[in-house]
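# no sequence on this one, just coordinates:
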């Protein structure tokens, strides 16, 4: 029994490592830090996150994504944005929060499209393709999430690059980074093992 448990643990850990190496290794070339290296696209897709931290205060992940999205609009790398996030209630609406923040910074509301059904990365990207009818885009998120989002986009047949927003101090958000290791593994399962349940 002990040997079986050890074998299962080693197998699970090995699978997690393989998935992470696969995802990062096949997408790193499309993860762009300098906006001047972007090809440009008609639309950018901004992934939602909470506007506030659990313990209160502004969420730096949210602020940096909004800032990066604004930069791409102002430099002409994209013409409009799809703001994709979850909406749990009238009090929690990630897409509306991003829209409000961008308008406050001088962005015209007419170039902002809201997707309030982006509860998961794969849902945001699938809806981008199937509901909004686009197949080329610039994704906007932090680096830790960039590889997985680009991996999913590629699998869905999208022509995408990912512009990385500034990542807050990793030491202060270590659990978010660790969760991403498992999220990448789940992405592989969703896309290659149980694809019919992921779309």
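Good, I have the coordinates. Not measured: the values here are computed from a predicted model.
# so where is the chain shaky, pLDDT-wise?
Within the chain, the segments meeting pLDDT under 70 span 170, 172, 196-199.
# tell me which stretches of it form strands.
31-32, 43-47, 80-84, 87-89, 92-93, 112-115, 136-142, 159-165 (DSSP state E).
# what are the buried residues along the third one?
If you call a residue buried by 16 or more other CB atoms under 10 Å, then strand 80-84 has these buried ones: 81-84. (Glycine included, C-beta is placed from N, CA and C.)
# check which helices and strands that strand sits against.
Judged by 3 or more CB pairs under 8 Å, 6 or more residues apart in numbering; DSSP states H and E, strand 80-84 is in contact with strand 43-47, helix 60-74, helix 94-104, strand 112-115, helix 121-130.
# among the ones you listed, which is nearest residue 54?
Shortest distance between residue 54 and the helices and strands packed on strand 80-84, using CB to CB, is found for helix 60-74: 12.3 Å.
# can you give me the angle that closest one makes with strand 43-47?
Calculated by axes from the mean of the first three to the mean of the last three CA atoms, to 10 degrees, helix 60-74 forms an angle of 170 degrees with strand 43-47.
# related to what we said a few turns ago, just say which of the strands of the chain is most tucked in.
Using mean count of other CB atoms under 10 Å, the stretch among these with the largest mean neighbour count is strand 43-47, at a mean of 26.
# show me what it is packed up against.
helix 60-74, strand 80-84, helix 121-130, strand 136-142.
# residue 169 and residue 176, how far apart?
Using CB to CB, to the nearest Å, one gets 11 Å for the distance from residue 169 to residue 176.
# please look at residue 61 and residue 48 and confirm they touch.
No. Between residue 61 and residue 48 there is no contact under CB atoms under 8 Å: 10.1 Å.
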